[in-house]
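**Student:** Please work out how this folds:
(chains A, B, C and D)
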Number of protein chains: 2
Amino acid sequence: MKSSHALSESQRLLTYDRVVTKTRRAIDTKAAILAAARARFAREGYRSTTIRAVAQDAGIDPALVMRYFGTKPELFAAATDIDLRLPDLADVPAGEHGERLVEHFLSRWDGRTAEGEVLLILLRSATTDATAAASMRELFARQLIPSLRPLIADESELPQRVGLVASQMLGLALTRSVLEISPVAAMPAEAVAANVGATIQRYLHEPLRP
Amino acid sequence: MKSSHALSESQRLLTYDRVVTKTRRAIDTKAAILAAARARFAREGYRSTTIRAVAQDAGIDPALVMRYFGTKPELFAAATDIDLRLPDLADVPAGEHGERLVEHFLSRWDGRTAEGEVLLILLRSATTDATAAASMRELFARQLIPSLRPLIADESELPQRVGLVASQMLGLALTRSVLEISPVAAMPAEAVAANVGATIQRYLHEPLRP
DNA sequence: GTCTATAATTCGATAGAC
DNA sequence: GTCTATCGAATTATAGAC
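**Tutor:** All right, here's what the predicted structure looks like:
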């Protein structure tokens, strides 16, 4: 009877080599699927993105997508599960908070980074898909609020202030990077940072109205 | 040979009556379809709304929807073809423009009027459907810009100013009425009008930054 | 005017060969 | 690990009976 212990050294190396190759390819495939999925979700939203299209973009078979991620909702969850790495503005002069925050988001969206892409994915999908909307609310509560907490003087005003900030920042992403309403889409990043930054600044530090 | 001229008076009345009844029912049916379509589009967006669901809501057969509106894109166009009836603020003191504008939109969205519903429909659909996105840009150019033109001192700044206004107003609709991010959704209308109104006021009348 | 029946696609998901 | 083949469900749209 031939057991695995009876393998010759060359056989073992061959087996090992094949396993490593398969594993590395699997990692590449998984990454390729995720990248293709993010791009599709970002352009077309959850509902219009098909497993078949993602597979074609990644250059593999649709069945592989199911094998790696199980279901379409799980693929979406994997594609959007990311730390936005929001900036720490504690050391920035208080008067520059608004402008710096807008600059940060603009560089993410305009530069099409992974973090920026995820935000656009959620924005495109959250308007029709309940799961994506929940992710957006969670992102607000778990990432945006904590990151801005150190900047707000009165803790009791934190949720309202961050809510107002979100209304302007998401509206900016929507008009500039999704709907591409021309005056906003064409506006230089510096002008956006200055004008919208002044609004964020007010929402963060100016007295709230009743 | 029996021609239509040979109909008796009672027969003619009967025929006429039947035609009138059918016509009135047709008008009702068409209106019922449109109302059901608006409600579905507003809640679920373009892609997820099905002809079958609309027909069921309207209490009629799916084939009737096709008969009256041809195709699904045409149904969508008919459901969103509406005059937003934006307010004329020419007689309002310049210092109140921002707050009044926010109050106007809030009453439309919170009260679920036809105009407000159409804006929410477009907002939910425009993130994934190119046709809806085009409708949104057209609405911006054909209705929002003209309605705000009389308020802006320097005509050359009109597009940028209205673009900034749109970024905040659409962001407000998104966070409050679509995503329902809690601090914004729970905020009393008066507080929203005051805080966001101040932003709109700045975008309309304060000096633009470079 | 309204409905039944169905054609023609498209998609998510599964089973199984290699 | 990867792919072929296919099922079952859902959807838009059409043809035609009543």
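**Student:** what's the burial count for A:G70?
**Tutor:** A count of nearby residues for A:G70, using other C-beta atoms under 10 Å in any protein chain shown, gives 12. Every residue, glycine included, has its C-beta placed from N, CA and C.
**Student:** what does A:I60 give?
**Tutor:** With other C-beta under 10 Å as criterion, A:I60 counts 17.
**Student:** residues contacting it?
**Tutor:** Contact analysis of A:I60 by C-beta atoms under 8 Å, 6 or more residues apart in numbering or on different chains lists A:T29, A:A32, A:I33.
**Student:** switch the cut-off to 6 Å
**Tutor:** If a contact means C-beta atoms under 6 Å, 6 or more residues apart in numbering or on different chains, then A:I60 has A:T29 as its contacts.
**Student:** Can you classify it by secondary structure?
**Tutor:** In the three-state summary, A:I60 is assigned as coil, counting by DSSP: H, G, I helix; E, B strand; the rest coil.
**Student:** Just the pLDDT for the residue lying closest to A:E190 once chain neighbours are set aside.
**Tutor:** Beyond its immediate neighbours in the sequence, the residue positioned closest to A:E190 (C-beta to C-beta, 6 or more residues apart in numbering or on different chains) is B:P210, lying 7.0 Å away. As predicted, B:P210 sits at a pLDDT of 83.
**Student:** how close does B:P210 get to A:A42?
**Tutor:** According to C-beta to C-beta, to the nearest Å, B:P210 stands 31 Å off from A:A42.
**Student:** Looking at the two, which is more packed in?
**Tutor:** Each of B:P210 and A:A42 has its neighbours counted (other C-beta under 10 Å); A:A42 has more, 23 against 7.
**Student:** do you know how far that one is from chain B?
**Tutor:** A:A42 sits at a distance of 11 Å from chain B (criterion: C-beta to the nearest C-beta, to the nearest Å).
**Student:** Please apply the same query to A:I60.
**Tutor:** Shown here: A:I60 relative to chain B, a distance of 25 Å by C-beta to the nearest C-beta.
**Student:** what do you get for A:P73?
**Tutor:** Summarising the geometry, the distance separating A:P73 from chain B, computed by C-beta to the nearest C-beta, is 14 Å.
**Student:** quick one: low-confidence parts of chain A?
**Tutor:** A:1-22, A:24 (pLDDT under 70).
**Student:** 50 - rerun?
**Tutor:** Low-confidence segments of chain A, defined by pLDDT under 50, span residues A:1-14.
**Student:** Pull up the residues of it that are close to DNA strand D.
**Tutor:** On the criterion C-beta under 7 Å from any atom of the strand, DNA strand D has as its neighbours in chain A the residues A:K22, A:T23, A:R25, A:A26, A:T29, A:I60, A:D61, A:P62, A:A63, A:L64, A:R67.
**Student:** Can you tell me which of those residues are also in contact with DNA strand C?
**Tutor:** The overlap between the residues of chain A next to DNA strand D and the neighbourhood of DNA strand C (criterion: C-beta under 7 Å from any atom of the strand) consists of A:P62, A:A63.
**Student:** ok, the residues of chain A next to DNA strand D vs B:T175, which is closest?
**Tutor:** Distance from B:T175 was checked for each of the residues of chain A next to DNA strand D by C-beta to C-beta. The minimum falls on A:P62, at 36.0 Å.
**Student:** and the residue most central in space within chain A, what is it in contact with?
**Tutor:** By C-alpha atoms, centre = their mean, the mean C-alpha position of chain A lies nearest to A:V118, the distance being 2.1 Å. Contact partners of A:V118, counting by C-beta under 6 Å, 6+ apart, are A:T80, A:I82.
**Student:** Check the gap between it and DNA strand D for me.
**Tutor:** 24 Å (C-beta to the nearest atom of the strand, to the nearest Å).
**Student:** before we move on, back to that, from the residues of chain A next to DNA strand D, which would you call buried?
**Tutor:** A:T29, A:I60, A:L64 (16 or more other C-beta atoms under 10 Å in any protein chain shown).
**Student:** Skipping adjacent residues, who's closest to the first one in space?
**Tutor:** If I follow you right, that is A:T29. Taking C-beta to C-beta, 6+ apart as the measure, A:T29 lies nearest to A:I60, with 6.0 Å between them; neighbours along the chain are not counted.
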